[in-house]
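Participant: model the structure of this input:
(chains A and B)
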Amino acid sequence: MGPVRIAKTMTLTLGVVLAACGPRVFEGETAKLIEAPVPTPAQLEAKQPKVEISDDKIVIHEKIQFEYDSAVIRPESDALLAELAALINDNPRLERIRIEGHASAEGDYDHNVELSRRRAESVRDHLVERGAVAPERLEYEGYGPDQPIADNETEAGREANRRVEFTILAQEFTETKTITDPETGAQRVKTHKQRVHAEDRSAEEVQP
Amino acid sequence: MSRPSITSAGLRAVLVGAVLASAGCSYAARDTASYRSDTSALLDTRANEVEACYAAELERNPSLVVGKLTLTFTVAKKSGKLIPPSWDRNRTTVSESLATCVVTALIGLELTEPDLRDGEATFVYQFRGSPPK
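Facilitator: Presented below is the predicted three-dimensional model:
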C-alpha cells in the first residue's frame, strides 16, 4: 500500500470518526401531558371567600367567635374580620353598614340585648381600629333574641341565633344603558349613579 | 511521471488527529432512541416545576384551559448540559409567560452521563385542564 493510499485511508477513517461525533437529532415521541393540579381540600377552603356581598347584606360564612358571655372577640376570628375589613375597604360603594348583634332566648332578656349590642360594638371597634374601616361607614345595634332565625328550643337553634349580621344601609349603583339610534344604528352608552337605601327601599340619583 | 509523495510527518499528523478525535468520543455513545429517552427522563425530573408554572398561569388566566408548548434545545456533548431551550412559536399555543416559566424551570438540567454527541432535541408539552375523574 503506497503512502497516498495510506493517507486516503487515514483521512477517511478520521472523517468517519468525526462524523460519529455529529449531533443526534430527535423529537419526543409523545407530548408531555401537564394537567391542572387538583386543589387540596385546604386550598379549596382557602380559596372560598369567607365574606361576600349579597344584595343588601354582607354575608359571612363563619361565625365571629366571642368569649363566653362576653363581648371580647376570640383571636380565631381575626382572619375573618380582616377579610371583612378588606371587602368593605375595597368596595367604597358600600356607604353605610349596620353591624347587628343577635342573641338566643336563653337567659335574661335585657342581658341578652345588652350583650348583643356590646358584641356588635366590639366588631365595629375591631373593624375600625384593626381593619382601618372609616368609622362613619359603620353603625351598630343589639337586637337580643328578637329576630331569631332558628328554634330556641334546641341547642343547635340557640347557637344559630347567637350571631352578628351586616346590613348594607346605603350603597351606590351605577346603571349602564346602551341606546341604539333607530335611524342610524349608532350606539351610545349612558350611565347614571343611584344610591339605594335598604331600610325604606328608596333610591336617589347621585349627581356626577 | 512522478507519484505524489507523503511525508512521514504528515502521516503522523493524520494519525495523531484520528487518535485525538477518538479520545474526544470517550463518552456515552447513545443511539437516537436512547438519547431521546434519557433526555425525556431528564425533563421529567422538573415535572413538578412545570406543573407549578401551569398552576400559576391558570391563576393569572383561568380561561387558559389547554395549550401546547414546543421546546427545542441542545444537550451539549461532553458536559450533558441542557442549553436553555427556546420555544417554537409556530408550534406553540400557550402564553409567553407560561413558556418563559417552563424554560426557566428547565435551566440547570444536565445528563449524569454526558454523550459524545450533541443532542438536538424537540419536545412538546401539552397542557390540559382537569385530569379525568
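Participant: can you pull the contacts of the residue nearest the centre of chain A?
Facilitator: Here the mean C-alpha position of chain A is nearest to the C-alpha of residue A:49 (C-alpha atoms, centre = their mean), at a distance of 4.0 Å. Residue A:49 makes contacts with A:61, A:83, as judged by C-beta atoms under 8 Å, 6 or more residues apart in numbering or on different chains. Heads up, the C-betas are built off the backbone N, CA and C, glycines and all.
Participant: A helix includes it, no?
Facilitator: No. The secondary structure assignment for residue A:49 gives coil rather than a helix, going by DSSP: H, G, I helix; E, B strand; the rest coil.
Participant: now the element after the helix or strand of chain B with the lowest mean pLDDT, going C-ward?
Facilitator: Taking mean pLDDT, DSSP states H and E as the measure, helix B:8-24 is the helix or strand of chain B with the lowest mean score, a mean of 51. Downstream of helix B:8-24, the first helix or strand assigned by DSSP states H and E is helix B:32-44.
Participant: so what does that next one touch, helix or strand wise?
Facilitator: strand A:24-27, strand A:32-35, strand B:67-75, strand B:119-128 (3 or more C-beta pairs under 8 Å, 6 or more residues apart in numbering or on different chains; DSSP states H and E).
Participant: now render the ones you listed as a markdown table, adding mean neighbour count and mean pLDDT.
Facilitator: Putting those into a markdown table (neighbours: other C-beta atoms under 10 Å in any protein chain shown; pLDDT from 0 to 100) gives the following:
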| stretch | mean neighbour count | mean pLDDT |
| --- | --- | --- |
| strand A:24-27 | 18 | 93 |
| strand A:32-35 | 16 | 90 |
| strand B:67-75 | 21 | 94 |
| strand B:119-128 | 21 | 94 |
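Participant: please pull out the lowest mean pLDDT helix or strand from chain A.
Facilitator: Each helix and strand of chain A was given a mean pLDDT (mean pLDDT, DSSP H and E); the minimum falls on helix A:3-20 at a mean of 56.
Participant: picking that back up, for residue A:111, which of the helices and strands packed on helix B:32-44 is the nearest?
Facilitator: strand A:32-35 (57.2 Å; C-beta to C-beta).
Participant: sheet-wise, list the partners of the closest one with their directions.
Facilitator: Paired neighbours of strand A:32-35 in the sheet (DSSP bridges): strand B:119-128 (parallel).
Participant: send the alpha carbons of the longest strand belonging to chain A over as PDB?
Facilitator: Residue-count comparison of every strand in chain A, with assignments taken from DSSP state E, identifies strand A:163-180 as the longest. The C-alpha coordinates for strand A:163-180 follow below in PDB (Å, rounded to 0.1, in the frame of the first residue of the first chain):
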ATOM      1  CA  ARG A 163     -74.800  35.700  65.600                       C
ATOM      2  CA  VAL A 164     -73.600  39.000  64.100                       C
ATOM      3  CA  GLU A 165     -75.100  40.200  60.800                       C
ATOM      4  CA  PHE A 166     -74.100  43.000  58.500                       C
ATOM      5  CA  THR A 167     -76.800  45.000  56.700                       C
ATOM      6  CA  ILE A 168     -75.800  47.500  53.900                       C
ATOM      7  CA  LEU A 169     -77.900  50.600  54.700                       C
ATOM      8  CA  ALA A 170     -76.800  52.700  51.800                       C
ATOM      9  CA  GLN A 171     -75.000  51.700  48.600                       C
ATOM     10  CA  GLU A 172     -74.300  53.200  45.200                       C
ATOM     11  CA  PHE A 173     -75.200  51.600  41.900                       C
ATOM     12  CA  THR A 174     -74.000  52.600  38.500                       C
ATOM     13  CA  GLU A 175     -76.600  51.800  35.900                       C
ATOM     14  CA  THR A 176     -75.400  51.500  32.300                       C
ATOM     15  CA  LYS A 177     -77.700  51.600  29.300                       C
ATOM     16  CA  THR A 178     -76.700  51.200  25.600                       C
ATOM     17  CA  ILE A 179     -79.000  53.200  23.400                       C
ATOM     18  CA  THR A 180     -79.200  52.500  19.700                       C
END
